[in-house]
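> Fold the stuff below for me.
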Amino acid sequence: GINAEYMGNLTQEEANTLFEGPPFDISHYYAINLRTVFLAALFSPIIPFGLICSIVTLILNYWAEKYVLIRRSSWPPPIGISLSFKMIEHLEYLPLILALGNCFFANTFFGGAGKFDIIGMIVAFINVLLPSASINRLLFDIPETSDAHIAFQASRLKFITDYDLVNPMTAASARLEILQLALEMENDPLLRRKLQSLK
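Numbers count the residues shown, from 1 in each chain. Coordinates of the predicted model:
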């Protein structure tokens, strides 16, 4: 156990460091899950059961990582949603990896890739080259992700935290301001639309 005399000589900052959990690096877990998906796709032509195993692995990883985040880790820094969007963008390589696996294993075990394997690889390669985000904006009514033009008060409810909320001197008044802003949003259709466009 921890020596009581040693504990008595600790500063508050040292005690906090001693008892807080290890840092939770969500980018590390994103990379592990992405690797699982890519490897399952690459080897699926010769190990189809690997797709089922990877789905089970992703489900178990989700619950394990959730437990570690909530129960065993220190509070992670806010990172926003850009990392999630980047991971989704990396999933666009999945069809190409699957097509490459098909061509490679067909060439290795069957003496050459078939017509459909080559067509699949060409289509997957074109899919990677196409600017899918721009095409989606042309085809569908997708609001711009940039919120630089939106006033601070209109976007404040979307913040994870701000200085006023974490400052003990201003926290109470900041909470009242946010509650007031939420009430105003209910009565102001324009403000409500601006906030909904940020979602």
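> how many other residues sit next to Leu183?
Leu183 has 10 neighbours, counted by other C-beta atoms under 10 Å. For the C-beta atoms, the positions are set from N, CA and C on the backbone; glycine is no exception.
> To which secondary structure element is it assigned?
helix 171-187 (DSSP states H and E).
> so how far is that helix from its chain's centroid?
Averaging C-alpha coordinates over helix 171-187 and over its chain gives two centres that are 28 Å apart (C-alpha atoms, centre = their mean, to the nearest Å).
> Using CSV, write out the CA atom coordinates for that helix.
Written as CSV, here are the backbone C-alpha positions of helix 171-187 (Å, rounded to 0.1, in the frame of the first residue of the first chain):
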residue,chain,number,x,y,z
ALA,A,171,-19.1,29.3,-13.4
ALA,A,172,-22.5,30.1,-11.7
SER,A,173,-23.3,33.1,-13.9
ALA,A,174,-22.1,31.2,-17.1
ARG,A,175,-24.5,28.4,-16.3
LEU,A,176,-27.3,30.9,-16.0
GLU,A,177,-26.3,32.5,-19.3
ILE,A,178,-26.3,29.1,-21.1
LEU,A,179,-29.7,28.2,-19.6
GLN,A,180,-31.1,31.6,-20.7
LEU,A,181,-29.6,31.0,-24.2
ALA,A,182,-31.3,27.6,-24.4
LEU,A,183,-34.6,29.2,-23.5
GLU,A,184,-34.1,31.9,-26.1
MET,A,185,-33.3,29.3,-28.7
GLU,A,186,-36.7,27.7,-28.1
ASN,A,187,-38.4,31.0,-28.8
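> so what does it touch, helix or strand wise?
Using 3 or more C-beta pairs under 8 Å, 6 or more residues apart in numbering; DSSP states H and E, the elements in contact with helix 171-187 are helix 163-166, helix 189-197.
> center of the chain, which residue is that?
The residue lying closest to the centre of the chain (C-alpha atoms, centre = their mean) is Ser84, at 2.7 Å.
> what separates that residue from Ser27, distance-wise?
11 Å (C-beta to C-beta, to the nearest Å).
> How many neighbouring residues does Met87 have?
Counted with other C-beta under 10 Å, the neighbours of Met87 add up to 15.
> quick revisit: mind telling me which of the helices and strands packed on helix 171-187 the model trusts least?
Mean pLDDT is lowest for helix 189-197 among these, at a mean of 54.
> element containing Pro45, please.
Following DSSP H and E, one finds Pro45 outside all helices and strands.
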